[in-house]
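Asker: got a sequence here, can you model it:
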Amino acid sequence: MELNRKNVKKILFIICFAMVFFWGLNHGPSVLMIFRNLLGILAPFLIGLCFAFVINVLLRPVETLWDKISWGRGEKTMKKLKRPLCLLLSTVIIGGVIFILLFMVVPEIRNTAFMIIDMFPQYMVQIERWWTDLSDVLMDFAIVLPQPELNLSEIGKVAGDFLWKSGQSFVGKTVDITTSIFSVMFNVILGLVFAFYVLSQKEKLGRNLKKVIFAFLSGERAESVLNFFALTNRIFTSFVTGQLTESVIIGSLCFLGMVTLRMPYAPMISVLVGFTALIPVFGAFIGTGVGAFLILMVNPIKALWFILFIVVLQQVEGNLIYPKVVGKSVGLPGIWVLAAVTIGSSAFGVLGMLLAVPVCSVIYSVGKQRVNRKLEKKGLETIGD
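Answerer: All right, here's what the predicted structure looks like:
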């Protein structure tokens, strides 16, 4: 290899990177502390970018609607008011949805949870009665069910006391967490201000970012970076928009069905089913399981009807709603969706379940593009959709 100026820079870069990497391996706690401090400094701006992305998903259709409504009405004035008013409207809508979830749905779920704890001994007595009735019915067919040696009522009382104490402890921790939220309000407010600044001048910032990329990278690499950003934005926007739309549709259909079938807890369970629908693959099972348990404690027959209703609703959702609303916008095969959700939930919990699909879709799309380019060079058949 010729030792020209370009190669010397590469060698020095590799040596410096190796030294830093080796130092990081031997000073793990220090590296973590540096990253933690850096994340604390950048937190308001990272939060602001997340806010900007979510608001921008709604901002674009709102601005499109604004253009249709304001056509021919004082073009200059309407153009000046377009961005600030549409940005304010988008923020108010998103804030209203969050308000509904936090201050209307969450308290209702909490009240229901405490009601279940209070009535847990009665539920256990009811289960004991069902078991006895089932044993009497099966006795006619010479089937003998094992009789529990322990007193189910006593078990229910003990379990109820345990759940009540745990619930009180959980509420206490929730209060502590809620109190600590005020310590990060500065970051949230600053992040929101940063998001408004980014969205108010997003076209100008986009042009400047392109100039920076083309200034420091070659033309081909700069185009690759811009294509990657465009692909990531398209996939995340399509996923967020599609999942939110599907969630609203599923929740509304669930509410209408439960009201028609006169099932208990219709508003709360419908919101829960709609909210868990945001989680791909496993969300439906979570919402159905919790909803069926709540109804079971009131009416076992209606709990069975609820499960059958959700199964039918899931079939309608999977075959009609999801292909139309979300479609193949994320471009990820079903097997990879399942793998992404499983790995994401294991590594990062609920947040991992929500973000795993679009992240994996970006990786899959980039990988498929590279593989297809390699295959085209060799004259082989490329990978299709």
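
Asker: what residues of the helix or strand encompassing Ile100 count as buried?
Answerer: Using DSSP states H and E, Ile100 sits within helix 75-100. By neighbour count on 16 or more other C-beta atoms under 10 Å, the buried set for helix 75-100 is 78, 83, 86-87, 89-91, 94. Backbone N, C-alpha and C define where each C-beta goes, glycine included.

Asker: tell me which helix or strand comes right after the helix or strand of the chain with the lowest mean pLDDT.
Answerer: In the chain, no helix or strand scores lower on mean pLDDT, DSSP states H and E than helix 152-181, which sits at a mean of 52. Under the assignment DSSP H and E, the closest C-terminal helix or strand after helix 152-181 is helix 185-200.

Asker: and the next helix or strand past that following helix?
Answerer: helix 202-216.

Asker: averaged pLDDT, stretch 236-250. What do you get?
Answerer: Mean pLDDT, computed over stretch 236-250, is 80.

Asker: what residues of that stretch count as buried?
Answerer: Buried residues in stretch 236-250, defined by neighbour count with 16+ other C-beta under 10 Å: 236-244, 246-247, 249-250.

Asker: adding secondary structure, write these out as a markdown table.
Answerer: Converted to a markdown table, the buried residues of stretch 236-250 look like this (DSSP: H, G, I helix; E, B strand; the rest coil):
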| residue | secondary structure |
| --- | --- |
| Phe236 | helix |
| Thr237 | helix |
| Ser238 | helix |
| Phe239 | helix |
| Val240 | helix |
| Thr241 | helix |
| Gly242 | helix |
| Gln243 | helix |
| Leu244 | helix |
| Glu246 | helix |
| Ser247 | helix |
| Ile249 | helix |
| Ile250 | helix |
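
Asker: other SSEs contacting the longest helix anywhere in the chain?
Answerer: What stands out as the longest helix in the chain, according to DSSP state H, is helix 334-377. Judged by 3 or more C-beta pairs under 8 Å, 6 or more residues apart in numbering; DSSP states H and E, helix 334-377 is in contact with helix 219-260.

Asker: off-centre distance for the helix it packs on?
Answerer: Centroid separation for helix 219-260 versus its chain: 11 Å, with C-alpha atoms, centre = their mean, to the nearest Å.

Asker: helix or strand next in line after it, which one?
Answerer: helix 266-276.

Asker: quick one, that next one and helix 219-260 angle?
Answerer: Here the directions of helix 266-276 and helix 219-260 differ by 160 degrees (axes from the mean of the first three to the mean of the last three C-alpha atoms, to 10 degrees).

Asker: got the CA coordinates for helix 266-276 in CSV?
Answerer: The C-alpha atoms that make up helix 266-276 are tabulated as CSV, following Å, rounded to 0.1, in the frame of the first residue of the first chain:
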residue,chain,number,x,y,z
ALA,A,266,-67.0,-1.5,27.3
PRO,A,267,-65.3,2.0,27.3
MET,A,268,-62.2,0.9,29.4
ILE,A,269,-61.7,-2.4,27.6
SER,A,270,-62.1,-0.8,24.2
VAL,A,271,-59.5,1.8,25.0
LEU,A,272,-57.2,-0.9,26.3
VAL,A,273,-57.7,-3.0,23.1
GLY,A,274,-57.1,0.0,20.9
PHE,A,275,-54.0,1.0,22.9
THR,A,276,-52.5,-2.5,22.9
